[in-house]
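Participant: need coordinates for the below:
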Amino acid sequence: MNDRLIRIIDPADPRIAAFGDIRERDLRRQQGQFIAEGTVVLRLLADAARRGGEFRAEAVFLLENRVAGLAETIAAFPEETPVYVADRAVMNAVVGFDIHRGVLALGSRAIEPTIENRLSALPDHSLVVAAIGIANHDNIGAIFRNAAAFGADAVFLDETCCDPLYRKALRVSVGAALKLPYVKAGSAADLIGALDRAGFSVWGLSPSGNVDIRAIPASPRMALLTGAEGEGLPPEVMKAVSTARIPQAPGLDSLNAGVATGVALFAVASAMRRI
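Facilitator: Numbers count the residues shown, from 1 in each chain. The predicted structure is shown next:
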């Protein structure tokens, strides 16, 4: 493994320029690139890169004292993926802050599927999540993590949602966006129309929903719509789909979007006998 390691001693080394000031780079996401952080996300990026297709691993950047414990994961990356290592002072100078985990990788998404591409690839019996207007990276990450945990087949995001490959969202999702098919495109109306044409029973989640989530009848194809925290799903969306609520004790306005999606997925996946 030592033959793969490339030691970095100068923070200005152009080979690791893509890891510079990563907080700002997160916000700009150029050329489909993204930063993966943490051991679990690193492993999933290695798996995705080995499979080929949507995701590629451009480079790995590790704190030198993390290398030994990550030997198996490093070996899983394609041989052409460079693995850079540095001491803490150099790594902190590169990324622009004190990075505790010391585990980073630069990935890229080579393919941006359309809504139709994603729908055509789904099996006849499918469960999907569609997020509308969610700008909070923690909630997006939680939605992906819950979708993976409860066996959803895909996640659909309207064009106003934040990026699931943003570093924090990817970390919160424990890398689920690297293994769960997703697409971010179109308006809420575009998503609902496409799901309807593909034969999905579409249900919007809201505290004012008409049906108890536990009473939703299972269909071969089910889609759950989640809206932004506080505002919820837009009125026009609520009018266009069936709506369901999660019963809760009085005195609290609502659950956050990530938690609500997890509860609803559990209920619907159970009704569909998927878990």
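
Participant: from now on I want contacts and neighbour counts done on CA atoms only, so please keep to that.
Facilitator: Fine.

Participant: where does the chain dip in pLDDT?
Facilitator: Counting by pLDDT under 70, the chain has low-confidence residues at 1-2, 23-31.

Participant: for it, which segments are assigned as helices?
Facilitator: In the chain, the helices defined using DSSP state H lie at 22-28, 39-51, 71-76, 88-95, 115-120, 137-149, 167-172, 188-197, 235-240, 257-271.

Participant: buried residues in the last one, which are they?
Facilitator: Of the residues in helix 257-271, those scored as buried under the neighbour-count criterion (16 or more other C-alpha atoms under 10 Å) are 257-258, 260-269, 271.

Participant: restrict that helix to CA atoms and write it as PDB.
Facilitator: What follows is the C-alpha trace of helix 257-271 in PDB, where atoms were taken according to Å, rounded to 0.1, in the frame of the first residue of the first chain:
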ATOM      1  CA  ALA A 257     -38.700  16.700   7.500                       C
ATOM      2  CA  GLY A 258     -36.000  14.000   8.000                       C
ATOM      3  CA  VAL A 259     -37.800  12.400  11.000                       C
ATOM      4  CA  ALA A 260     -41.200  12.600   9.400                       C
ATOM      5  CA  THR A 261     -39.900  10.900   6.200                       C
ATOM      6  CA  GLY A 262     -38.400   8.100   8.300                       C
ATOM      7  CA  VAL A 263     -41.600   7.400  10.200                       C
ATOM      8  CA  ALA A 264     -43.700   7.500   7.000                       C
ATOM      9  CA  LEU A 265     -41.200   5.200   5.200                       C
ATOM     10  CA  PHE A 266     -41.400   2.700   8.000                       C
ATOM     11  CA  ALA A 267     -45.200   2.700   7.900                       C
ATOM     12  CA  VAL A 268     -45.500   2.400   4.100                       C
ATOM     13  CA  ALA A 269     -42.600  -0.100   3.700                       C
ATOM     14  CA  SER A 270     -44.300  -2.200   6.300                       C
ATOM     15  CA  ALA A 271     -47.700  -2.000   4.500                       C
END
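
Participant: show me what that helix is packed against.
Facilitator: Where contact means 3 or more C-alpha pairs under 8 Å, 6 or more residues apart in numbering; DSSP states H and E, helix 257-271 is packed against helix 137-149, strand 221-227.

Participant: sorry, back to before: okay if I get the helices of the chain as CSV plus distance to W203?
Facilitator: What follows is those, written out as CSV (distance: least, C-alpha to C-alpha, whole Å):
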stretch, distance to W203
helix 22-28, 32
helix 39-51, 31
helix 71-76, 40
helix 88-95, 42
helix 115-120, 17
helix 137-149, 15
helix 167-172, 25
helix 188-197, 10
helix 235-240, 9
helix 257-271, 10
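
Participant: which elements pack onto the lengthiest strand in the chain?
Facilitator: With DSSP state E applied, the strand covering the greatest number of residues in the chain is identified as strand 55-63. The contact analysis (3+ C-alpha pairs under 8 Å, 6+ apart) places strand 55-63 against helix 39-51, strand 83-86, strand 103-109.

Participant: export the ones you listed to TSV and tack on distance to A130 and mean neighbour count?
Facilitator: Below are the helices and strands packed on strand 55-63 laid out as TSV (distance: least, C-alpha to C-alpha, whole Å; neighbours: other C-alpha atoms under 10 Å):
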stretch	distance to A130	mean neighbour count
helix 39-51	23	21
strand 83-86	36	22
strand 103-109	20	22
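
Participant: find the centremost residue of the chain, please.
Facilitator: Nearest to the centroid of the C-alpha atoms of the chain, with distances taken as C-alpha atoms, centre = their mean, sits A177, at 3.3 Å.

Participant: so it sits against L165, correct?
Facilitator: Yes: A177 lies in contact with L165 (C-alpha atoms under 8 Å); the separation is 7.0 Å.
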